[in-house]
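Visitor: generate a structure from the sequence data that follows.
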Amino acid sequence: MAAPRKYGTCFFEQYAQISLCELLGHEFDCLVNRDRPDLQSEGSDAIGIEVTRAMEESRRAEQELLKDVAGITAPQEPEDDTNTILEYGYSFGLRGGKYIGSKELPYWKMALPLKRILESKVQKVGNGFYGHFRKMGLYVFCKDQLSEMDVYGAMSYTMGLQKYLDNRFNRLYLADPDDLFVCNLDDGLSDSSRLCRYPVSQDQRRSFYLEAVRKQLECD
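Guide: Have a look, this model is predicted:
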């Protein structure tokens, strides 16, 4: 197992674990933040989850132009969460996903379109880059809203990429500001039984956000 690392810029790994625990159950309580993959069962090889991000390529230029979106200057319209975003530097989970916090701006600037992210991560899991876990997951934060058609397309594409691999992802988690989509990639299932959608309310998003910030501050 890799050595633990400070959370520092790992707000998203924290957010991912919190959302998994709250929406899917206590199976994910044991996860700790490490590296390769980002979330691992403490002291065992039960679960490994790589956390990453995807964004439509056209959004990059928009980010460069709107500096106030990054929290460098406050958004003009008043809203309670503005000060929270400016204080902590993160916005995912607040304000409906419309803004990007100053600390997370580099995170999103490095994002690739979803298809390219899936190709890269499947190649890495296939060659053993993330080690070997009984359940291996890929959790992808998506800045843009996803339709079920988008999710089915990503799920089918992932399954095709890893069809002949010995090491593969068992689960694909796609998180946009309003939903967590959970895709079961195991063999022998019908398409209709592979996808579960978990809506995330505004109160839940704020709760996930504040808990992720709290955990990160504890470890800084």
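Visitor: got the CA coordinates for the longest helix along the chain in PDB?
Guide: When the chain is parsed with DSSP state H, its longest helix is helix 202-219. Written as PDB, here are the backbone C-alpha positions of helix 202-219 (Å, rounded to 0.1, in the frame of the first residue of the first chain):
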ATOM      1  CA  GLN A 202     -29.000  21.300  -2.600                       C
ATOM      2  CA  ASP A 203     -28.900  20.600   1.200                       C
ATOM      3  CA  GLN A 204     -26.900  17.400   0.500                       C
ATOM      4  CA  ARG A 205     -24.500  19.200  -1.800                       C
ATOM      5  CA  ARG A 206     -23.800  21.800   0.800                       C
ATOM      6  CA  SER A 207     -23.400  19.100   3.500                       C
ATOM      7  CA  PHE A 208     -20.900  17.200   1.400                       C
ATOM      8  CA  TYR A 209     -19.000  20.400   0.600                       C
ATOM      9  CA  LEU A 210     -18.700  21.500   4.200                       C
ATOM     10  CA  GLU A 211     -17.700  18.100   5.400                       C
ATOM     11  CA  ALA A 212     -15.000  17.800   2.700                       C
ATOM     12  CA  VAL A 213     -13.600  21.200   3.600                       C
ATOM     13  CA  ARG A 214     -13.600  20.300   7.300                       C
ATOM     14  CA  LYS A 215     -11.700  17.100   6.700                       C
ATOM     15  CA  GLN A 216      -9.200  18.800   4.500                       C
ATOM     16  CA  LEU A 217      -8.500  21.600   7.100                       C
ATOM     17  CA  GLU A 218      -8.000  19.000   9.800                       C
ATOM     18  CA  CYS A 219      -5.200  17.400   7.800                       C
END
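Visitor: what about it, average pLDDT?
Guide: Averaging the model's pLDDT scores along helix 202-219 yields 88.
Visitor: what helices or strands is it leaning on?
Guide: With contacts taken as 3 or more C-beta pairs under 8 Å, 6 or more residues apart in numbering; DSSP states H and E, helix 202-219 sits against helix 11-24, helix 81-88. Heads up, the C-betas are built off the backbone N, CA and C, glycines and all.
Visitor: now do the last one: which elements does it pack against?
Guide: For helix 81-88, the contact count by 3+ C-beta pairs under 8 Å, 6+ apart identifies helix 202-219 as packing neighbours.
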